[in-house]
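**Q** whatever this is, show me its structure:
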Amino acid sequence: MSQELIPFNRPCLTGNEWAYVKAAMESNHLSGDGHFGRLCQNWLQKKLNAKASFLTPSCTHALEMAALLLNIQPGDEVIMPSYTFVSTANAFALRGATLVFVDIRPDTLNINETAIEIAITDKTKAIVVVHYAGVSCEMDHIMKLAEAYDLYVVEDAAQALMSDYHQRPLGSIGHLSAFSFHETKNITSGGEGGALIVNASEFKERAEIIREKGTNRSRFFRGIVDKYSWVDIGSSYLPSELQAAYLWGQLGQSQNITQARMIAWERYLQALEPLVNNNILELPCIPKHAQHNGHIFYIKTKQIKQRQALLHHLKQANIMAVFHYVPLHSSPAGKQLGRMQHDEYTTIESERLIRLPLFYGITKQQQKRVVDCIYSFYDKNNIKYSKF
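**A** Here you go, the predicted structure:
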């Protein structure tokens, strides 16, 4: 008889979400920017010390808003890592930008900050950084570079809520940033969801207009104008009040959720460390100045054939583990819409990585099964491992 499936992810549910969603349903206000929407936006604005925060239907929508706010036009170039989810690129490609892909660091898998400057041209408009696994990019270096070349910085902080860089919250450093509340993220708004964070005052008013389909509707409701009308390009970037209510239930438990994930993350680290010491695997690298949020625990095998064999071994044991991004520069759309500066680490590192099951509520017993299965794959090495 096969063992019970260990899923790769299970959407987070803490308990308060039910009551808040019920309250939203009974409020007769189900569209965006209701009571719970305002609570969530105020929480994010305070947490990140931002000029403004706007809930969106997804992180993809938040990135699209960022591209509109930066007035990205055909002919502009936008620098970003190739090792990221397609939304990072799509948001800027939709505005006609040429995507300039930059190599990653082999330790954190974040954009290599030392490779950015050579990619800058007189057409460069922005640098988009991705905090992979909730671990910060080297933001001081990147912000200084942006200032020197008069560029904007957008933080794709989809995975990074509750993570810090030199004790500064990720998402609070770039001119704009985007978060995800998708069901695969630590904190979710009931399946889909995101937020745009405005850290530069110049974008605050226009962000509100773009989000309201290009109208000054919010200014009308505040009594600033006597009627509202179409004043700019925009779209419908408001999530429902039901999503906001679910999210509010999670934001109130954000510390507990993060702590639980960090405990599980540390269990994997301790249990698999002998395989690092014996040069079998590589585990995540966390810089001393970075505080992550336990979003992803990954291992890196020697090469792609070993990764595929280990993934198959885990699947046979009813354990769902996955690899992550195929580098964008090697995809059909990436080749058409952008160019890669130099690929020393991106492809090699992407072909070695496996993400292990990690979610709020994962048990010691489930993690032990995962670890035992990995060791059984390498049993020919006869390596003993840490007990939980």
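
**Q** please count neighbours and contacts with C-alpha atoms only from this point.
**A** Will do.

**Q** let me see the ranges of the helices in the stretch 201-350 of the chain.
**A** Using DSSP state H, counting those that start in this stretch, the helices of the stretch 201-350 of the chain run over residues 204-211, 217-221, 241-251, 254-277, 304-316, 332-337, 346-350.

**Q** just these: most buried one?
**A** helix 241-251 (a mean of 26; mean count of other Cα atoms under 10 Å).

**Q** one step back: comparing the helices of the stretch 201-350 of the chain by mean pLDDT, which bottoms out?
**A** Among the helices of the stretch 201-350 of the chain, helix 217-221 has the lowest mean pLDDT, at a mean of 79.

**Q** N256 and R339, how far apart?
**A** 42 Å (Cα to Cα, to the nearest Å).

**Q** now the element after the strand of greatest length in the chain, going C-ward?
**A** Assignment by DSSP state E gives strand 124-130 as the longest strand of the chain. Counting by DSSP states H and E, the next helix or strand C-terminal to strand 124-130 is helix 139-149.

**Q** give me the buried positions along the helix or strand just after that next one.
**A** Per DSSP H and E, the first helix or strand lying C-terminal to helix 139-149 is strand 152-156. Neighbour-count burial for strand 152-156 flags 152-156 (criterion: 16 or more other Cα atoms under 10 Å).

**Q** now these in a markdown table, with pLDDT?
**A** Below are those laid out as a markdown table (pLDDT from 0 to 100):
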| residue | pLDDT |
| --- | --- |
| Y152 | 98 |
| V153 | 99 |
| V154 | 99 |
| E155 | 99 |
| D156 | 98 |
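
**Q** thinking again about what came up before, restricting to C-alpha, output the longest strand of the chain in PDB.
**A** The C-alpha trace of strand 124-130 is given here as PDB (Å, rounded to 0.1, in the frame of the first residue of the first chain):
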ATOM      1  CA  THR A 124      17.900  51.400 -20.500                       C
ATOM      2  CA  LYS A 125      14.900  52.600 -18.500                       C
ATOM      3  CA  ALA A 126      14.800  50.300 -15.500                       C
ATOM      4  CA  ILE A 127      16.300  47.400 -13.500                       C
ATOM      5  CA  VAL A 128      14.000  44.800 -12.300                       C
ATOM      6  CA  VAL A 129      15.400  42.600  -9.400                       C
ATOM      7  CA  VAL A 130      13.800  39.400  -8.200                       C
END
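
**Q** tell me the contacts of the residue in the chain sticking out farthest from the centre?
**A** Most distant from the centre of the chain: D226, at 39.7 Å, with distances by Cα atoms, centre = their mean. Contacts of D226 were listed using Cα atoms under 8 Å, 6 or more residues apart in numbering, and they are F220.

**Q** go again with 10 Å.
**A** 219-220 (Cα atoms under 10 Å, 6 or more residues apart in numbering).

**Q** can you check I72 too?
**A** So I72 contacts 66, 78, 91-97, 125-126 (Cα under 10 Å, 6+ apart).

**Q** same check, this time on Q303
**A** 348-353.

**Q** beta partners for the residue nearest to V231 when sequence neighbours are not counted?
**A** Among residues not flanking V231 along the chain, T215 sits closest, at 5.4 Å (Cα to Cα, 6 or more residues apart in numbering). Here T215 sits in beta bridges with W230, as judged by DSSP bridges.

**Q** measure T215 to E205 for me?
**A** Taken as Cα to Cα, the span from T215 to E205 is 11 Å.

**Q** before we move on, what about V231?
**A** 12 Å.

**Q** what is in contact with those two at once?
**A** Common neighbours of V231 and E205 (Cα under 10 Å, 6+ apart) are N216.

**Q** what is the burial count for D232?
**A** 14 (other Cα atoms under 10 Å).

**Q** typo on my end, it should be H141
**A** 11.

**Q** the strands in the stretch 1-150 of the chain, which residues?
**A** With strands called from DSSP state E, counting those that start in this stretch, the stretch 1-150 of the chain shows them at 52-56, 77-81, 98-102, 124-130.

**Q** one step back: farthest-separated two in the contacts of Q303?
**A** Farthest-apart pair in the contacts of Q303 is I348 and L353; separation 9.4 Å (Cα to Cα).

**Q** what do these two both touch?
**A** Shared contacts of I348 and L353, counting by Cα under 10 Å, 6+ apart, come down to 302-304.

**Q** got TSV for these, with distance to Y132 too?
**A** Output for those, formatted as TSV (distance: Cα to Cα, whole Å):
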residue	distance to Y132
K302	21
Q303	21
I304	20
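
**Q** and which of the residues you listed is nearest to L5?
**A** I304 (24.6 Å).

**Q** re earlier: what subset of the contacts of I72 is buried?
**A** For the contacts of I72, buried by 16+ other Cα under 10 Å: 66, 78, 91-93, 95-97, 125-126.

**Q** in helices, which of those appear?
**A** Assignment to helices by DSSP state H places the following of these there: 66, 91-93.

**Q** OK, contacts around L269?
**A** With Cα under 10 Å, 6+ apart, L269 has these contacts: 263, 276, 283-284, 297-299.

**Q** any chance of those residues in CSV with distance to F323 as columns?
**A** Formatted as CSV, the contacts of L269 follow (distance: Cα to Cα, whole Å):
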residue, distance to F323
I263, 22
V276, 19
L283, 14
P284, 14
F297, 11
Y298, 9
I299, 10
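
**Q** lowest-confidence member of those residues, which is it?
**A** V276 (93).

**Q** what's the spacing between that one and L283?
**A** Distance from V276 to L283, by Cα to Cα: 7 Å.

**Q** where do the contact lists of these two overlap?
**A** Going by Cα under 10 Å, 6+ apart, residues that sit against V276 and also against L283 are 269, 299-300.
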